[in-house]
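Peer 1: turn this into a structure:
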Amino acid sequence: MDKIFKDKNRDDEINRIFEAYDDDMDGKIPLSFLIEQVQMQGFNMLEEKYRFQEIQEYINSLPLKSKSEIDCNHFAKLIEMTDGEFIEKALLGKLIVPDFSEFTESIAKIYDIVEHVKDGENASYIPQLAEVDSNLFSIAACTVDGQQCDIGDSDTYFCVQSCSKAITYCIAVEESGIDYVHKHVGKEPSGASFNKNFLNPQNLPHNPMINSGAIMTAALVSPDLEMYKRYEYVKKFWSSLAGGARIGFQNATYLSEKDTASRNFCLGHMMKDAKAFPENINLEEVLDFYFQICSLETTSKDMAIIAASLANGGVCPMTKKRIFKEDTVNHCLSLMHSCGMYDYSGEWAYSVGIPAKSGVGGCVFLVVPKVMGICIFSPRLDSRGNSVRGIEASKLLLKEYTMHRYDNLKGVVTPFSHKVSLLQSMAEQKNEFTKDLLNAVADDDLHHLQCILEEVKEENFDINSIKDYDDVTPAHVACSFGHEEILHYLIELDAEFRDITDKWGKSPLDRASEAGHKEVVKILHKLYHSDRDHSTGDRD
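Peer 2: Numbers count the residues shown, from 1 in each chain. Prediction:
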C-alpha cells in the first residue's frame, strides 16, 4: 500500500512539473524548449560527454514527431532515467546555483573586463613556459551539481605546474594518513617565495604547497612502485577527479624543467641532509617524479571539474565517485587557504578568502566548498608567480558574489546589496529580505529594522518597493499592530501611507482603524493633512 501511494505521489509530482512548462496546455512541451531550459542551468544534455548518455540515446530513438514535442509520458521517462534528476532539479530551480544563467553572464562580463589586462610576463625560468602564447585566457566553472560554464580558451591544454601540489598532498594523505605526512612536512605559511631555500625550525619544509613541501609529498606517494607505475597512478587520480577526462603530459616542459632545476635539486639535498625524508628514498627518482607531476597538462574546463571534486568533499560531480575522503579534502583546503598562493597567500586569504592554488603555468583554481570549483588560466605572471588575470578575475568574482568565507558575518544578503548569493535566485533573496523586514516591523523591533536597512542604505533602496505576495507593505504591518515608534520611523523614510492598498483593497489607515489603534489613526490623519497642506502650497 505504501508503495502505491509513493508511486502515485511521484506521478503527481512529475505531472505538476510538466504542466508548469506546458504553456499551451495541450499536453505537449517542445523538446527544444526543454533542452534550452536545462542548458540555461549549466547542462548540455545533447553534447555532455560525462553524463546524460542514456537520455541522449532515448531522445535519438524517439520518432521524428516526438523529437519536436514530447508528452508527459516521454517527459516522465526522461526524468526517471540515470541523470534525469538533474533535469528535474534544473526545472524546479533546486540546483546548488539556482540562477546559473545569471552567473554565466557575470563570468562573461568579468572575462571582458580582465581580458584587457596586459600586465605581467610568462614564467621565464622554465624555457618551455616562456614560449606559451601570453594572450591565452579562459575562465571555467563547475558546481557540485555538475553545472558548467566556460569562456575563452577553455579547451586549450596548459601545464599544471604547482597546481599539482594540492592533488599530490591529497594522494599522500590518503595513502599514509595525516599524522605520517606531517611528520615530514609542516602546515605553516613560509612567508617567502615558493622556491626559497630554507626549512622550518623542525628542519621540515614549511607546507606542501611550496616546492620543498611538494617534493616531500611526492616522496611519500607509493615509494615502492616503479617510476612509470607511480606516474600512471597519480595521473589516474587526476583523470578520476576530472570525471574521466584526458590528462596529458608535456614532455618538452618536463625536460625543460629538469634541465633548469638547480634550485629544486638544492632543496632536495638540503632536506636529505636534514634527514627530513623517510629512510631509503632515492632522491634522484623523487625529483624526477616531482617534475613529471608538474608537467601534467589539462584544460580549464577539466581543472574546474577537479576543483569541483574538492568542493564536493572528494566526490567527482560528474561520475558521483568518491576519489578522496572528506577529511583529506578538509586538510587540503585548509592549506590551500593559508598557503596556496605562494607569498601572496596572506593577502589572498584576507581579500579573497577562499581556498585556491596557483601555478607558474598560469593557472589559478579556486574551491568554494560545497558550491563550485573555478579555474582561471592566463600565462602572464606577477612578481610572485601568480597569474595577473587570475587574481584580477578572482577579485571581481568576490566583489560580485558572497564567496568569501566571512561574508555571512556582514548581515543579510539582499537583492539590493552589491554582493549576490550564489545559492539563491534573486527572487528568493528578495522574498527572504521582505520576510525579514516585515517580521521586524511586526515584532516592533526598531533596532533590527534599522540593521536590515543599514545593509542597503547605499543601494538607492526605496522602502515603498517592499511588499509581500498579498501586497502588504511595512506601513500596513506597522498600522495593523499599532507600533507607533516604527510608524514614525517609516514616515522619516518617506514610506507611502495614503495611496497604497493590499490585496483586499485596504490602506494602512483602514488596518489601523479596524484594529482600534486610535493613536495610530491620529498620526495618519495628521500626516494626511500635512501632505494636503504641502500639495496646496505647491499649487499656490
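
Peer 1: what sits opposite the residue nearest the centre of the chain in the beta ladder?
Peer 2: The chain has Met372 as the residue nearest its centroid, 3.6 Å off, counting by C-alpha atoms, centre = their mean. In this entry, Met372 is beta-bridged to Thr143, Val368, by DSSP bridges.

Peer 1: which residues touch it?
Peer 2: Ile96, Val97, Ala141, Cys142, Thr143, Val144, Gln147, Ala304, Ala307, Ala308, Ala311, Leu422 (C-beta atoms under 8 Å, 6 or more residues apart in numbering). Using the backbone N, CA and C atoms, a C-beta is placed for each residue, glycine as well.

Peer 1: ramachandran angles for the second one?
Peer 2: In terms of degrees, to the nearest 10, the main-chain angles of Val97 are phi -110, psi 90.

Peer 1: and it, how far from Met81?
Peer 2: 23 Å (C-beta to C-beta, to the nearest Å).

Peer 1: outline the domain layout of this structure.
Peer 2: Domain assignment for the chain by automatic domain parsing gives 2-92, 103-407, 426-539.

Peer 1: how distant is the first one from the center of its chain?
Peer 2: Per C-alpha atoms, centre = their mean, to the nearest Å, the displacement of domain 2-92 from the mean C-alpha position of its chain is 27 Å.

Peer 1: quick thing: my sequence starts at 20, can you match it?
Peer 2: In the new count, where the first residue is 20, that last one comes out as domain 21-111.

Peer 1: pLDDT of it, averaged?
Peer 2: Domain 21-111 comes out with an average pLDDT of 81.

Peer 1: quick check, nearest of the contacts of Met391 to Ala109?
Peer 2: Nearest to Ala109, judged by C-beta to C-beta, of the contacts of Met391 is Gln166 at 8.3 Å.

Peer 1: tell me how many other residues surround Asp481.
Peer 2: Asp481 is flanked by 13 other residues according to other C-beta atoms under 10 Å.

Peer 1: quick one: contacts for it?
Peer 2: Applying C-beta under 8 Å, 6+ apart, no residues contact Asp481.

Peer 1: and it, how far from Leu512?
Peer 2: For Asp481 relative to Leu512 (C-beta to C-beta), the value is 9 Å.

Peer 1: Glu473 too?
Peer 2: 12 Å.

Peer 1: the two - which one has more neighbours?
Peer 2: Using other C-beta under 10 Å, the more surrounded residue of Glu473 and Leu512 is Leu512, with 13 against 10.

Peer 1: any idea how far the more buried one lies from Ile482?
Peer 2: With C-beta to C-beta as the criterion, Leu512 and Ile482 are 5 Å apart.

Peer 1: so His544 is in which element?
Peer 2: Using DSSP states H and E, His544 maps to helix 537-558.

Peer 1: just say helix, strand or coil for the nearest residue to Lys522 once chain neighbours are set aside.
Peer 2: The shortest distance from Lys522 to any non-neighbouring residue, by C-beta to C-beta, 6 or more residues apart in numbering, is to Asp489 (4.4 Å). Per DSSP: H, G, I helix; E, B strand; the rest coil, the secondary structure class of Asp489 is coil.
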